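[1] what shape does this take:
(chains A and B)
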Amino acid sequence: MDTEVGTRPDGQEARPTRAGRLRALLSAENVIAVVLFVALFYVPYFLVGFPVYVLPQYMLFGVLALTLCLLWGFGGMVSFGQAAFFAIGAYALGVTLRDVGGPTAPWLGLLLALGLGVVLAAVIGWFLFSADVRDSYFVLVTLALSTITQVLANSESQLTGGFNGMFVERVTLPFGVVDVSLAGDLAAYYVIFAFTLLCYLLFRYIQWSAFGRVLVSIRENEDRSRALGYNTALYKTVAFAVSGGVAAVAGALYATDAGFVSPTLGGVLFSTSVVVWVAIGGRHYFIGALIGGIGISILSQTLNARIPEYWQLLLGLLFVVAVGFFRRGIVGTILELPGRMRSRRG
Amino acid sequence: MAELLEVQGLSKSFGGVQANEDVHLSLAEASVRCVVGPNGAGKSTFVSMLSGHTVPDAGSIRFRDRDIAGWPAHKVAKAGMVRKFQRPSFYPDLTVAQNLEIPVLATGRRRGRVGEAVRDVAEQVRLTDALDVRAAHLPHGRTQWLEMGMLVARDAELMLLDEPTAGMTPEETSATSRLIETLVRERGISAIVIEHDMSFVRSLDSEVTVLHLGRVIAEGPMSVIERDEQVRAVYLGQEVT
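    Numbers count the residues shown, from 1 in each chain, chains lettered A, B, ... in the order given. Here you go, the predicted structure:
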C-alpha cells in the first residue's frame, strides 16, 4: 500500500494502539528529520568560518521551501510568488531598522514582516479562491506577484534603495532579561536554527491537524470537500496566509543575517528556484522540501565554486530527472520505497 | 407537522431552455423520495438547486424551516443536506478510512471520537475490511457505497443521491436499496434518490415524483405511478408491462 500525504500508512488514526503510536513516531520521515536537525546542531562544533556563516541563509531557504510545500504538496496550489513574500519580509525589517530604530525595532520589523506577509497573502488568496481561481491561473497570478515585487523594489528607491539594494545590520533581539545579538555568526546560526526547527514543527503540526487533513482533501477533490460542508476558499486562503507570513519572517531573518537585500530577492527567478527545490526534494513531505531547500543551496554553492560553467546545467538536469522519473522527489521516493516494496510482494 | 423539506415553485432556465418549471416536492422526516424522468427531464438541475450548486431563478427550498434557496453548497451541506454526485467523487489517493475521516471532521467531532465514528460508518456500508485500502483500488460498486458512507459520516439528515446504482450489478443494486432502507430506519436519515433503474425504484417502495420537460407530471406511490397514463406515455413505456 502506498504511503500518502498527511496520513499514516497503517491507518493508525482508526486504531490508536500504543504500538501504532510508537511506529508512527519512529516513521522514516521523523528519523530523517531528527538526523538532519541533530547534524545541523553539531555543524558549528566541527566546522568553522564560511559554513557557519552561510548555512543559516540556506536554512531560511529551507523554511521558504516549507511554505511552498504546504501550498503545493498539501493544498495543490503551485505558487511562483514565494520569493515575493520573502523579499517583502526582508524589506520590512530593513526599513523598520532604518526609519524607526531603537531597541525594539528588530521585533517591530519582524512583526511588520509577519503582518504584511499574512495580510497580503490573505487578501490576494481570498480574492482568487473565492472566485474559484485554480491551477495554472493561480500560478500566473503568483508569477505576477513576484514580478510586481521586483519592479516595485527597483522603482521605489527612497524606500528600498532601488537597484542598489539595501544594507541591513545584524540585529539584537531583546528577550526580556537577555538580549540575543545576532552579530556573531555562531549566535545567528543558533537563532536561525531554532527558528527553522520551530517552523518545521509548526508545519508538521498543521499536517497532523484537522486543518491539514482537510487541505489534503481539497487537493484531492475540492468539489467533494465543498459539498461535504467545507468552505474550501477559506481553507485555501488560510493556508496561503500562513505560508505568506512564515515566508516573510524567514525573509526578514535572511535580511539581517545576510546583511543585504536587493530587488532580485523578490523576483521570478528566485521564486522558480523555490519550486525547483521543492520538486527535487519531494513536495509531499515537509522534510523533503526542507532538505531540497538546504541541500540544493549547498550543492549550488559548492558546484558554483568548482564548475561555474556547468552547475546550472546540472541542476537543470536534476530537475528534469526528478520531474520525469521521481515525481515524488528524491526524499519522497526514498521515504516511499518500503511501502512500494511491501505492496509489490503483497 | 412541518416537513423536513418543502420545495415550491422552483424554476431554472439556461439560456432559452427551461430546465425546471414550478417544481414542487415535500418530504417528511425519515422518508425516501425517488425522482424519475426521461433524459433531459431536469432531474440533475433539480438536485443541483437543492444542493446549492445551481442558483434557482425562482421558488423556495425550505429545509428545516429555513429557506436555503441560493445558499452556497458548503452551507447547504452544513445545514444537513448532503449530495452524492452522479459521477464518482471521492478521494482516490486516500485510504477508505481517510475518505470517511474528512466528512467526520466536518461534523466538528472531537479528535478522540473521530476513529470511532469512522469505524461505525464503515461497518454500516460494509467497508470495515477495506479501511486501509486506497479508495482508487476499490471495485466500482464499493466506491458507490463509500460515497454514501461519506454522506452518513457527515451526519447528513437528507441525502441527495444522484444515481446511486449506476454501473452496479443487480445484486449490488438490491443491496443498495436495502442499505438505504436501513439508514432510514436506524438513523432516521431521509433521501432523495434520482434513478433510471425502475426495478430499483420499485424495490425502494417509496413515493415517486415524475419529472418531464422540467415539470412535475405525477406524484405518488410507485404502484399508482405505474398505472398513470401520462407517465406511461412519456417515460415508462415498455418497462412497466
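[2] so which residues on the stretch 101-250 of chain A come close to chain B?
    By Cβ under 8 Å from any Cβ of the partner chain, the residues of the stretch 101-250 of chain A that approach chain B are A:210, A:213-214, A:216-217, A:220-221, A:223-232. For every residue, glycine as well, the C-beta is placed using N, CA and C.
[3] count of neighbours near residue 82?
    Picking chain A for this. Using other Cβ atoms under 10 Å in any protein chain shown, A:Gln82 has 32 other residues around it.
[4] not what I meant, chain B
    Using other Cβ under 10 Å, the number of residues around B:Val82 comes to 28.
[5] I'd assumed it was in a strand, is it?
    Yes. Residue state for B:Val82 (DSSP: H, G, I helix; E, B strand; the rest coil) corresponds to a strand.
[6] identify the bridge partners of it.
    Taking DSSP bridges, one obtains B:Met159 as the residues bridged to B:Val82.
[7] test my guess that it contacts B:Leu151.
    Yes. In terms of Cβ atoms under 8 Å, B:Val82 counts as a neighbour of B:Leu151; the distance is 4.7 Å.
[8] can you give me the helices for the stretch 201-346 of chain A?
    A:210-227, A:232-258, A:268-281, A:286-306, A:311-325, A:329-345 (DSSP state H, counting those that start in this stretch).
[9] mean pLDDT for the ones you listed: which is lowest?
    Here the lowest mean pLDDT among the helices of the stretch 201-346 of chain A goes to helix A:329-345, at a mean of 78.
[10] identify the contacts common to B:Val82 and B:Leu151.
    B:Met159 (Cβ atoms under 8 Å, 6 or more residues apart in numbering or on different chains).
[11] whichever of the residues of the stretch 101-250 of chain A next to chain B end up buried, select them in PyMOL.
    In PyMOL, this line selects whichever of those come out buried by 16 or more other Cβ atoms under 10 Å in any protein chain shown:
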select buried, chain A and resi 210+213+214+216+217+220+221+224+225+226+227+228+229+230+231+232
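[12] now B:Leu183. Nearest residue, chain neighbours left out?
    Leaving out its chain neighbours, the residue that sits closest to B:Leu183 by Cβ to Cβ, 6 or more residues apart in numbering or on different chains is B:Ile189, at 4.7 Å.
[13] what's around that neighbour, how many residues?
    24.
[14] about what we covered before: hey, which of the helices of the stretch 201-346 of chain A is tucked in deepest?
    helix A:232-258 (a mean of 25; mean count of other Cβ atoms under 10 Å in any protein chain shown).
[15] looking at the stretch 201-346 of chain A, which residue is nearest chain B?
    Taking Cβ to the nearest Cβ, chain B has its nearest neighbour within the stretch 201-346 of chain A at A:Gly229, 3.5 Å off.
[16] check what pLDDT that residue gets.
    Listed pLDDT for A:Gly229 reads 95.
[17] tell me the contacts of it?
    Counted by Cβ under 8 Å, 6+ apart, A:Gly229 has contacts B:74-75, B:77-78, B:82, B:103, B:106, B:154.
[18] need phi/psi at the residue lying closest to it once chain neighbours are set aside.
    Take A:Gly229 and drop its neighbours on the chain: the residue closest to it by Cβ to Cβ, 6+ apart is B:Ala77, 3.5 Å away. Backbone geometry at B:Ala77, expressed as degrees, to the nearest 10, gives phi -60, psi -40.
[19] helices of the stretch 1-150 of chain A, start to end?
    Taking DSSP H, counting those that start in this stretch, the helices of the stretch 1-150 of chain A run over residues A:18-25, A:28-46, A:50-69, A:82-99, A:105-130, A:135-155.
[20] show me which residues of the fifth one are buried.
    Across helix A:105-130, burial judged by 16+ other Cβ under 10 Å covers A:105-106, A:108-114, A:116-118, A:120-122, A:124-126, A:128-129.
[21] which other helices and strands contact it?
    helix A:82-99, helix A:135-155, strand A:172-175, helix A:232-258 (3 or more Cβ pairs under 8 Å, 6 or more residues apart in numbering or on different chains; DSSP states H and E).
[22] could you dump these into a markdown table with distance to B:Gln230 added?
    Output for the helices and strands packed on helix A:105-130, formatted as a markdown table (distance: least, Cβ to Cβ, whole Å):
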| stretch | distance to B:Gln230 |
| --- | --- |
| helix A:82-99 | 63 |
| helix A:135-155 | 47 |
| strand A:172-175 | 81 |
| helix A:232-258 | 43 |
